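**Student:** Give me the fold of what follows.
(one chain, ligands or ions: 1)
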Amino acid sequence: MSIQKHIVVGAGLAGCLLAWRLEQAGQDVTLIGSTTMPNASQVAGGIINPVTGRWMTKSWGFDMLISHAAATYRELEQQFEVELYHPIPLVRYCQNSIDVKRVGRRMRNPRYANVLGDSIDKGDGPDSFEDTHGSFQIKQAAYVQLPLLLQTLREHFTQAGIFRDETFSHADLTRQDSQWSYHDLEADHIIFSEGVGMQANPWFNWLPLTPAKGETLILECPTLDLPRAIYHHRKWLLPYGDHTFRLGATFDSNDATSEPTTAGARTLLDAARSFIAPQHALTVKQHYAGLRPSTKDIRPFIGDHPTEPGLHIFNGLGSKGASLAPELIRQFLAHLLGGQPLDPEIDIARFVETVTNPPQTDATH
Ligand SMILES: Cc1cc2nc3c(=O)[nH]c(=O)nc-3n(C[C@H](O)[C@H](O)[C@H](O)COP(=O)(O)OP(=O)(O)OC[C@H]3O[C@@H](n4cnc5c(N)ncnc54)[C@H](O)[C@@H]3O)c2cc1C
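**Tutor:** Numbering: from 1, shown residues only. This next block holds a predicted model:
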């Protein structure tokens, strides 16, 4: 494999993992990312949940994604001697009789056999939770310590002299024959992993991104002792084992700001109060917010710019970056470095044929 020069833009989960895999592949890589701009990965719970949403459907591609995700986080743990990946039981509470019927149907469906466990009858779960309609177990769940992953990889890249903590200026990227030039750098490939920052990217802002704001709280509750699990009861509650809990997350496609709001905290606390017994006092210790890089068709934005050779995007991980990123990076790099075709479901080529105005760069050069 020939060694080529790459600039990865954006040091969130996507950009950090991409740069790490490029480095492992012996490629020349520079990561440019601002640690002060909005960053979804920094505020995410990092939960991997195979059965989600009101309809309790199995997440897209879960069986293909999970083994590579687990192996990738384990590989990082070994290389950097940190704990990132935490497999954990997940208990989901039914909200009404329709949920009870739906989960019964799912349990009879062989496609769900590897992700659904037993149902738990009313009254058999922890006393601290309301459980009028019972609950059920979800298997193969986990959470990933994403802030620690970012910190670990950014420190590693800093030591290797390949990380620039700065805002990338699109106007300063110019083509020089078959290469791209950015300040003192020359590159064969620029890979943009800017999360919602892609809206300012003149080469890729034609893709239909639909950012969705999310807020989470870190709560403290000295009296709440729960068996180790993630509890999903309208919102999810992740106990960290030291009487602190992460509660999340809101979902709001109408607020384009990334700041925490009083309304967001209210929504989360109201949800928590509706299922946690009243004797448990909840104290808010932290309040985080961010914008998920969600997409119109709920599939990632991956691939090559249709008219500018050497410009690529790896984005659109939406609400599921922790499970999606490792395997999709493997597929993207097999395409970039090995010439493999991309799965049409993730390839941005799916929009090139459908947009009424073909994508034209509004860059000035
Ligand atoms: C509240 C909340 C909870 C979530 N919970 C979960 C969860 O439990 N499980 C899960 O899997 N996912 C969750 N997500 C989604 C998850 O955060 C995303 O899927 C994932 O982190 C996206 O990673 P990314 O690297 O693509 O984007 P980001 O993490 O947003 O990273 C993009 C980076 O690019 C940088 N950048 C952008 N433009 C520029 C520029 N011009 N110059 C320099 N840098 C730039 C930004 O600073 C940022 O650091 C949650 C999201 C939110 C908001």
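
**Student:** tell me the domain ranges of the chain?
**Tutor:** As given by automatic domain parsing, the domain ranges for the chain are 5-43+147-207+296-352, 88-143+211-292.

**Student:** can you redo those as JSON lines with mean neighbour count?
**Tutor:** In this view, the C-beta of every residue, glycine as well, is placed from N, C-alpha and C. Putting the domains of the chain into JSON lines (neighbours: other CB atoms under 10 Å) gives the following:
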{"stretch": "domain 5-43+147-207+296-352", "mean neighbour count": "19"}
{"stretch": "domain 88-143+211-292", "mean neighbour count": "17"}
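
**Student:** The ligand: which of these is closest?
**Tutor:** Distance to the ligand, taken as CB to the nearest ligand atom, is lowest for domain 5-43+147-207+296-352 among the domains of the chain, at 2.0 Å.

**Student:** Mean pLDDT and distance to L65 added to the domains of the chain, as TSV?
**Tutor:** Below are these laid out as TSV (pLDDT from 0 to 100; distance: least, CB to CB, whole Å):
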stretch	mean pLDDT	distance to L65
domain 5-43+147-207+296-352	97	5
domain 88-143+211-292	96	11
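
**Student:** near the ligand, which residues of the stretch 51-200 of the chain?
**Tutor:** Contact residues (CB under 6 Å from any ligand atom) of the stretch 51-200 of the chain with the ligand: T167, F168, S193, E194, G195, G197.

**Student:** so the last one touches P38, yeah?
**Tutor:** Yes. The pair G197 and P38 qualifies as a contact (CB atoms under 8 Å) at a distance of 7.4 Å.

**Student:** Which stretches in the stretch 101-250 of the chain count as strands?
**Tutor:** Ranges of strands in the stretch 101-250 of the chain, per DSSP state E, counting those that start in this stretch, are 116-120, 135-138, 142-144, 163-164, 173-176, 179-182, 185-187, 189-192, 212-220, 230-233, 235-239, 244-248.

**Student:** any idea how far the third one is from the chain center?
**Tutor:** I take that to be strand 142-144. Centroid displacement of strand 142-144 relative to its chain, using CA atoms, centre = their mean, to the nearest Å, is 11 Å.

**Student:** likewise the fifth one?
**Tutor:** Taking the mean of its C-alpha atoms, strand 173-176 sits 31 Å from the chain's own mean (CA atoms, centre = their mean).

**Student:** Repeat that for the second one.
**Tutor:** Here strand 135-138 shows a centroid-to-chain-centroid distance of 23 Å under the convention CA atoms, centre = their mean.

**Student:** I'd like to know which elements that strand is packed against.
**Tutor:** If you count contacts as 3 or more CB pairs under 8 Å, 6 or more residues apart in numbering; DSSP states H and E, strand 135-138 packs onto strand 90-93, strand 116-120.

**Student:** With the last one instead?
**Tutor:** If you count contacts as 3+ CB pairs under 8 Å, 6+ apart, strand 244-248 packs onto strand 212-220, strand 235-239, helix 262-275.

**Student:** Which residue lies nearest the spatial centre of the chain?
**Tutor:** The chain has G321 as the residue nearest its centroid, 2.1 Å off, counting by CA atoms, centre = their mean.
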